[in-house]
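**Student:** Any chance you can model this:
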Amino acid sequence: MNATTTDTHHDDHHDHGPAPGLMRWVTTTNHKDIGTLYLWFSLIMFFIGGAMALVIRTELFQPGLQVVDPQFFNTMTTMHALIMIFGVVMPAFVGLANWMLPIMIGAPDMALPRMNNWSFWILPFGFSMMLSTLFMEGGGPASGWTLYPPLSLQTGEAFPFLIFSIHILGISSIMGAINIVATIQNLRAPGMSYMKMPLFVWTWFITAYLLIAVMPVLAGAVTMLLTDKYFGTAFFTAGGGGDPVMFQHIFWFFGHPEVYILILPSFGVVSEIIPTFARKKLFGYASMVYATGSIAFLSFIVWAHHMFTVGMPLSGELFFMFATMLIAVPTGVKVFNWVATMWRGAMTFETPMLFALGFVIMFTIGGFSGVMLALAPVDFQYHDTYFVVAHFHYVLVPGSIFAIIAAVYYWIPKWTGNMYDEKWGKIHFWTSTIFVNLLFFPMHFVGLAGMPRRIPDYAVQFADFNAIATVGAFGFGFAQLIFVYVVFKCVRGGEKVTDQVWEGAEGLEWTLSSPPPYHSFTDQPVVK
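**Tutor:** This is a model prediction of the structure:
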């Protein structure tokens, strides 16, 4: 797509060529190889975390306790969340960043290639340790992914292993983020000023700063939990003068920016895809950059909206309510700009565009339920019900996951030189979209009717909607096997792609998502 030196295969082993076989992958410092490793790792974890979700949904298929023990059910809810957040969405976006950022800014590789290798290879060890807690005496962690004390302090032998694995995952994230910041700041091609960077680069740049700011906060919180349990401190133990609510404040000061870490790169991906298939430049480039920055800034001052029910003063509730509603403004700017980009464009509906459109529509549904949850008086009713589960799954599944899938379909011709199977891609989109709504939409209804989350049994009046949701869960899960099939088929071969992989969208990286750089790196004319 870019006839430039940035696309040549850079390898650290100049003298001897790439290391043979397996060692090439273990020792690689090549950004493309490492991006590929992240993406495959993310896919494997997606199926592990998804299997846990299916355990949860199988138990909830009908009222009564039938399939698993309640303790194991709670362990599944905890592990499912930790794996999907730290093992699927974040590594997938880091993989996309590794692959695409150097190419997009005209850099030969990431700035810190050896650290890049290390930040990937500690992940499999961290997750092996986390998964091993399922086989320890007393079972795995059953306190929910938020690890609230005093419940989390009752975890058995698994506890220190869980905490250490979270530290390892955090270290990996911080190193990845430092690498991205260093790369963007130091390795841009001549003429690539900040306001000419593609939006995927911008969203990752801002996300990386969020990661560097908040991952140490999580590390501090879980370390205090560890010392409370084993070293006689009482940070969160009321009996020793500590405060369990303080943990919630520290945790959500990490946790709220974290949800934007999971979604901002999605915004970047969608901002690349929509202009390409609308054959128009992105509407409002500068406002998109500022909106991303505003969302990142505001994400630090809204954390206690997760805690409206802890008994905070009215002034606190009002502050966090209004600050949270304010985030809807820059988010709305983004949605408006995507729609304005499509307006009167020459749109075509290839698979990446379908997933991007699915993202915009369903992410917006999640946004609306988020505004509902931001209202303190009604949040007292919604809190800890399935309405909350419906809200954040609409943001994270048809949000983050759809954006990751869209990115893979969009860039896999560039990665492999082969075109994916368009027919199966579209089948994957439609099955995923139908089943994901079947899965999560009924949760709004049972949540508003008062069904509590994280409970293995429920009152009989919720049975029908839960049965529908479980069917949706299995349908969505098995639909992802189509994705695996399409990706494998594409990697192994297929129709060879040309520079104009998406017809009529010349110079796709540069001229569409952002103002063309001072040195136009493509031979094609700039698309006006």
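**Student:** quick one: Pro190 from Ile184, how far?
**Tutor:** 15 Å (CB to CB, to the nearest Å). Using the backbone N, CA and C atoms, a C-beta is placed for each residue, glycine as well.
**Student:** With neighbour numbers in mind, choose between the two.
**Tutor:** Of the pair Pro190 and Ile184, Ile184 is the one with more neighbours under other CB atoms under 10 Å, namely 24 against 9.
**Student:** Spatially nearest residue to the more buried one, not counting backbone neighbours?
**Tutor:** Phe205 (5.0 Å; CB to CB, 6 or more residues apart in numbering).
**Student:** any idea which element the one you found lies in?
**Tutor:** Phe205 is located in helix 199-230, with elements delineated by DSSP states H and E.
**Student:** Beyond that helix, next helix or strand please.
**Tutor:** Using DSSP H and E, the helix or strand that directly follows helix 199-230 along the chain is helix 244-278.
**Student:** Report all helices and strands that that following helix contacts.
**Tutor:** On a contact count with 3 or more CB pairs under 8 Å, 6 or more residues apart in numbering; DSSP states H and E, helix 244-278 meets helix 90-105, helix 199-230, helix 285-298, helix 314-342, helix 351-374, helix 386-395, helix 402-416.
**Student:** Run through the protein and note the low-pLDDT ranges.
**Tutor:** Residue ranges of the chain with pLDDT under 70: 1-19, 503-528.
**Student:** Walking through the stretch 51-200 of the chain, point out its strands one by one.
**Tutor:** Under the criterion DSSP state E, counting those that start in this stretch, the stretch 51-200 of the chain carries no strands.
**Student:** Now do the helices in it.
**Tutor:** 70-83, 90-105, 113-132, 158-186, 199-230 (DSSP state H, counting those that start in this stretch).
**Student:** buried ones in stretch 374-383?
**Tutor:** 374-376, 379, 382-383 (16 or more other CB atoms under 10 Å).
**Student:** Buried residues, the helix holding Phe205. List them.
**Tutor:** 199-215, 217-219, 221-222, 224-226, 228-229.
**Student:** In terms of secondary structure, what does that helix contact?
**Tutor:** Helices and strands touching helix 199-230, as assessed by 3+ CB pairs under 8 Å, 6+ apart, comprise helix 90-105, helix 158-186, helix 244-278, helix 285-298.
**Student:** between it and helix 314-342, how many degrees?
**Tutor:** 150 degrees (axes from the mean of the first three to the mean of the last three CA atoms, to 10 degrees).
**Student:** what distance separates helix 199-230 from the centre of its chain?
**Tutor:** 14 Å (CA atoms, centre = their mean, to the nearest Å).
**Student:** cool, and stretch 343-351?
**Tutor:** On CA atoms, centre = their mean, the centre of stretch 343-351 falls 26 Å from the chain's centre.
**Student:** wait, what's in contact with the closest residue to Ser152 other than its chain neighbours?
**Tutor:** In this structure, Ser152 finds its nearest non-sequential neighbour in Ser143, 3.8 Å apart by CB to CB, 6+ apart. Ser143 is in contact with 74, 78, 151-152, 154-155, counting by CB atoms under 8 Å, 6 or more residues apart in numbering.
**Student:** Which pair of these spans the longest distance?
**Tutor:** Thr78 and Gln154 (12.7 Å; CB to CB).
**Student:** Look at these two and report which has more neighbours.
**Tutor:** A side-by-side neighbour count of Thr78 and Gln154, using other CB under 10 Å, places Thr78 first with 24 against 13.
**Student:** and Leu123, how many neighbours?
**Tutor:** If we define neighbours as other CB under 10 Å, then Leu123 has 25 of them.
**Student:** Quickly note the distance from it to Met100.
**Tutor:** In terms of CB to CB, Leu123 sits 20 Å off from Met100.
**Student:** swap in Leu225?
**Tutor:** If you go by CB to CB, the gap between Leu225 and Met100 works out to 37 Å.
**Student:** cool, Thr431 as well?
**Tutor:** Thr431 is 27 Å from Met100, by CB to CB.
**Student:** now do Ala296
**Tutor:** To Met100, Ala296 is 20 Å away according to CB to CB.
**Student:** So for the two, which sits in the more crowded spot?
**Tutor:** Met100 (26 against 21).
**Student:** ok, the more buried one touching Met197?
**Tutor:** No: using CB atoms under 8 Å, Met100 is not in contact with Met197, being 11.8 Å away.
**Student:** which one of the contacts of Ser143 is nearest Leu162?
**Tutor:** Nearest to Leu162 among the contacts of Ser143: Thr155, at 7.0 Å, using CB to CB.
**Student:** Can you name the residues that contact the residue nearest to the closest one when sequence neighbours are not counted?
**Tutor:** Using CB to CB, 6+ apart and skipping the chain neighbours, the partner closest in space to Thr155 is Pro141 (4.9 Å). Contacts for Pro141 (CB under 8 Å, 6+ apart) come out as 75, 78-79, 133, 147, 152, 155, 158-159, 162.
**Student:** I'd like the distance between Pro141 and Tyr148.
**Tutor:** If you go by CB to CB, the gap between Pro141 and Tyr148 works out to 11 Å.
**Student:** Ala182 too?
**Tutor:** Look at Ala182 and Tyr148: by CB to CB, they are 36 Å apart.
**Student:** what does Val310 give?
**Tutor:** 11 Å.
**Student:** Counting neighbours, go ahead and name the busier of the two.
**Tutor:** Per other CB under 10 Å, whichever of Val310 and Tyr148 has more neighbours is Tyr148, with 17 against 13.
**Student:** So what does the more buried one look like in phi/psi?
**Tutor:** Note on Tyr148: backbone dihedrals following degrees, to the nearest 10 are phi -60, psi 130.
**Student:** what about it, distance to Pro20?
**Tutor:** 49 Å.
**Student:** next one: Ser432
**Tutor:** Going from Ser432 to Pro20 by CB to CB gives 38 Å.
**Student:** Who has more neighbours out of the two?
**Tutor:** More crowded of Ser432 and Pro20, by other CB under 10 Å: Ser432, with 24 against 8.
**Student:** okay, now Leu481: neighbour count?
**Tutor:** When neighbours are counted by other CB under 10 Å, Leu481 comes out with 11.
**Student:** Hmm, Phe235 is touching Val245, no?
**Tutor:** No: judged on CB under 8 Å, Phe235 makes no contact with Val245 at a distance of 11.5 Å.
**Student:** Between these two, point out the one with more neighbours.
**Tutor:** Neighbour totals were compared for Phe235 and Val245, and Phe235 leads with 20 against 15 (other CB under 10 Å).
**Student:** how close does the more buried one get to Asp464?
**Tutor:** Phe235 is 45 Å from Asp464, where distance means CB to CB.
**Student:** What count of nearby residues applies to Ile366?
**Tutor:** Heads up, residue 366 is Gly, not Ile. If you count neighbours by other CB under 10 Å, Gly366 ends up with 20.
**Student:** check contacts around it.
**Tutor:** 391-396, 398-399.
**Student:** Where neighbours are concerned, which of those has the most?
**Tutor:** Counting by other CB under 10 Å, top hit in the contacts of Gly366: Gly399 with 28 neighbours.
**Student:** Leaving out the residues flanking it, which one is nearest to it?
**Tutor:** Phe363 (4.4 Å).
**Student:** wait, isn't that neighbour in contact with Phe392?
**Tutor:** No: counting by CB under 8 Å, Phe392 is not a contact partner of Phe363; they are 11.5 Å apart.
**Student:** List the contacts of Thr133.
**Tutor:** By CB under 8 Å, 6+ apart, the neighbours of Thr133 are 79, 140-141, 158, 161-162, 165.
**Student:** Make CSV from those and add distance to Ala107 to it.
**Tutor:** Below are the contacts of Thr133 laid out as CSV (distance: CB to CB, whole Å):
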residue, distance to Ala107
Met79, 37
Gly140, 41
Pro141, 40
Ala158, 42
Phe161, 38
Leu162, 37
Ser165, 32
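**Student:** of those, buried ones?
**Tutor:** The neighbour-count criterion (16+ other CB under 10 Å) marks 79, 140-141, 158, 161-162, 165 among those as buried.
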